[in-house]
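> Predicted model and sequence follow; I will ask about them next.
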Amino acid sequence: MAKTQTPLIEDRAYRLGLSVHTKPQGWVQIAPGVWLGYRRNKGPGTWSIRVSNKKRGYWTDSVGTADDDPTVAGTLTYWEAVTAALKLAGTSNSGPLTVEQAIDAYNVHKGGDSNWRGVALLFGLIKGRGIDKARHPLLTRLVSSLTPADLRPFKADLVKGGMSPETVQRNLKNVSAMFNLAAKDNPTTITNAYAWKQAFGDLNAEHSEPVKKTMTESEVRAVVTAAYALDTQFGLLIELLAITGVRRSQLMRLKVGDFHDGKKPTFNMPSSRKSRTKKITYGPSPVLPHLAAALRAVTAGRDEDDQLLMQADGSPWTDNMLAARFIKITTKLAQLADQRGEKHNFLKKNKKGELVPQTAGALRHAYVTNARAKGAPVGVIAANINTSERMMMRTYSRYLRDHTDAITRGFILDMSQPETPSTPPSNVVPMRKVG
């Protein structure tokens with residue numbers, strides 16, 4: 001029996017604690033390309049099956065009623081449901097697993113997120129914007145038969161394709177995660193984890209890259225000012241991105257009721273869906289007084305469940321609109337700086353080495369580097385931008401090197417300078433006058 005991803009739905013008490021849902025919850029892989037799910041109903045829950053059709057799609061069906069109420073006749077325990085599901089799928093859980101089936105399982109496990117999508121693009125299972133790869137020959141290979149020699153060319157092709165070292169590393173981490181999941185679910189048949197570990201190397205190693213440049217505080221101010229000149233509501237959105245460092249998706253989730261006015265105005269800021277659980281949590285984010293005044297005007301007379309940040313005509317912002325306006329601003333500011341003969345960071349180099357306008361993501365980078373330059377603790381910055389300290393340092397270390405150099409020079413021992421005499425601590429306690 002393959003090891004399941006999560007045994008929680010086997011427990012009746014756990015199932016009864018779930019909320020009523022319209023779709024099955026807690027999918028568990030019970031065989032290659034076969035998953036068993038459970039849906040909580042107002043009455044007894046139901047077991048469902050999902051089976052890959054080998055064409056990047058699935059068919060689903062009902063397996064039976066769960067034994068949430070043991071007094072009801074004809075119900076199925078978890079293991080009875082597994083047996084019934086395998087019979088319905090016409091398979092057993094002892095069959096060999098191909099790379100394509102492992103990717104399908106990774107899709108179910110990750111819920112079709114960007115990590116799975118990246119793997120599927122690399123193997124040619126799906127097509128993306130500007131990416132149209134042919135189906136990779138490894139798709140038909142059994143995972144259990146892979147060797148380092150089979151996977152090294154896969155890594156080499158990514159490097160030859162013009163990807164930056166960090167992009168190659170990120171993609172290989174996702175591929176490794178996919179293989180590791182397959183090995184975890186099939187521990188008796190897939191015992192060759194050394195294959196991808198040896199072929200892909202140390203995926204936590206840092207690459208030696210040139211120092212990346214981000215916008216300075218004065219440049220961020222110029223961008224925010226230009227955004228307000230273009231459109232007041234757009235200016236408010238850009239300023240909030242600049243002062244919070246959060247992702248655009250987080251700001252777009254803000255409701256009118258998430259703004260709390262008072263002596264110290266704050267947002268009840270939602271997290272992103274970057275975590276494995278995809279669960280959204282909320283945390284306080286400070287709001288400056290001048291922004292609080294602008295937000296009072298924006299929220300006046302509106303329902304608490306309304307989306308907070310909208311365009312002037314009441315329609316929501318879109319990614320394309322935000323990107324186009326931001327690029328328009330950075331392009332114009334770069335032209336003005338060039339005319340004055342000033343150095344600037346309104347442009348960045350793309351993978352081909354060409355100078356292109358900065359995008360809105362540069363505000364997040366600028367937030368981190370400028371906050372760190374002012375001595376803000378790494379933990380505080382990481383919490384504010386909704387990431388971990390480890391991921392923040394891994395992602396932004398290449399942007400921090402300039403500031404690290406300046407800070408380090410301030411405290412290292414300089415033997416060329418005379419020693420500054422220090423005042424020894426006194427052991428004399430001053431007497432206080434009594435009366």
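In hand now; what should we look at?

> C-alpha coordinates for stretch 43-50, PDB please?
What follows is stretch 43-50, C-alpha atoms only, in PDB (Å, rounded to 0.1, in the frame of the first residue of the first chain):
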ATOM      1  CA  GLY A  43     -25.500  14.600   6.800                       C
ATOM      2  CA  PRO A  44     -22.900  11.800   6.300                       C
ATOM      3  CA  GLY A  45     -20.000  12.700   4.100                       C
ATOM      4  CA  THR A  46     -19.200  11.100   0.800                       C
ATOM      5  CA  TRP A  47     -16.100   9.500  -0.700                       C
ATOM      6  CA  SER A  48     -15.000  10.600  -4.200                       C
ATOM      7  CA  ILE A  49     -12.400   9.300  -6.600                       C
ATOM      8  CA  ARG A  50     -10.200  11.300  -9.000                       C
END
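
> Quick one: distance of that stretch to the chain centre.
31 Å (CA atoms, centre = their mean, to the nearest Å).

> repeat for stretch 8-16
With CA atoms, centre = their mean, you get 29 Å for stretch 8-16.

> Quick one: end-to-end length of it, please.
11 Å (CA to CA, to the nearest Å).

> same question, stretch 51-64
Using CA to CA, the two ends of stretch 51-64 sit 16 Å apart.

> Please apply the same query to stretch 21-41.
7 Å.

> With stretch 376-387 instead?
This stretch, stretch 376-387, spans 15 Å end to end (CA to CA).

> Could you list the buried residues of it?
V378, I381, A382, N384, I385, N386, T387 (16 or more other CB atoms under 10 Å). C-beta coordinates here come from the backbone N, C-alpha and C atoms, glycine included.

> residues near the spatially closest residue to the first one that is not a sequence neighbour, how many?
In other words, V378. On the basis of CB to CB, 6 or more residues apart in numbering, the spatially nearest residue to V378 that is not a chain neighbour turns out to be E389, at 5.2 Å. E389: 14 surrounding residues under other CB atoms under 10 Å.

> I figured E389 was touching V380, is that so?
No: counting by CB atoms under 8 Å, E389 does not reach V380; the two are 9.9 Å apart.

> tell me the domain ranges of this protein?
Per automatic domain parsing, the structural domains of the chain span 8-89, 99-200, 217-366.

> Show me what counts as buried in the helix or strand encompassing L322.
Using DSSP states H and E, the element containing L322 is helix 319-339. Buried positions in helix 319-339, judged by neighbour count with 16+ other CB under 10 Å: L322, R325, F326, I329, T330, L333, A334, A337.

> Strands of the protein, residue ranges please.
25-31, 34-39, 46-52, 58-65, 259-260, 266-270, 282-286, 347-349, 355-357 (DSSP state E).

> per-residue confidence for the residue nearest to V378?
Listed pLDDT for E389 reads 81.

> List the contacts of it.
V378, G379, A382 (CB atoms under 8 Å, 6 or more residues apart in numbering).

> now, among those, which is nearest to Q101?
A382 (37.1 Å; CB to CB).

> thinking that closest one is in contact with S388, fair?
Yes: taking contacts as CB under 8 Å, A382 lies within contact range of S388: 6.0 Å.

> hmm, back to that, let me have the strands of the chain in TSV, extended by mean pLDDT and distance to A120.
Formatted as TSV, the strands of the chain follow (pLDDT from 0 to 100; distance: least, CB to CB, whole Å):
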stretch	mean pLDDT	distance to A120
strand 25-31	81	17
strand 34-39	87	17
strand 46-52	84	13
strand 58-65	81	14
strand 259-260	89	39
strand 266-270	87	28
strand 282-286	85	32
strand 347-349	84	28
strand 355-357	87	27
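
> Deepest in the core, which of those strands is it.
strand 34-39 (a mean of 24; mean count of other CB atoms under 10 Å).

> any idea of the angle it forms with strand 46-52?
150 degrees (axes from the mean of the first three to the mean of the last three CA atoms, to 10 degrees).

> For strand 34-39, list the C-alpha coordinates in PDB.
Taking Å, rounded to 0.1, in the frame of the first residue of the first chain, the C-alpha atoms of strand 34-39 are listed here in PDB:
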ATOM      1  CA  VAL A  34      -5.700   7.700  -8.500                       C
ATOM      2  CA  TRP A  35      -6.800   9.900  -5.600                       C
ATOM      3  CA  LEU A  36      -9.400   9.400  -2.900                       C
ATOM      4  CA  GLY A  37     -11.200  12.500  -1.500                       C
ATOM      5  CA  TYR A  38     -13.800  13.200   1.200                       C
ATOM      6  CA  ARG A  39     -16.600  15.800   1.200                       C
END
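
> all helices of the stretch 301-435 of the chain, in order?
Along the stretch 301-435 of the chain, the stretches classed as helices by DSSP state H, counting those that start in this stretch are 319-339, 361-373, 378-384, 389-411.

> Go through those and name the closest to S285.
helix 378-384 (7.1 Å).

> From the contact counts, what lies against that closest one?
If contacts are counted by 3 or more CB pairs under 8 Å, 6 or more residues apart in numbering; DSSP states H and E, helix 378-384 sits against helix 361-373, helix 389-411.
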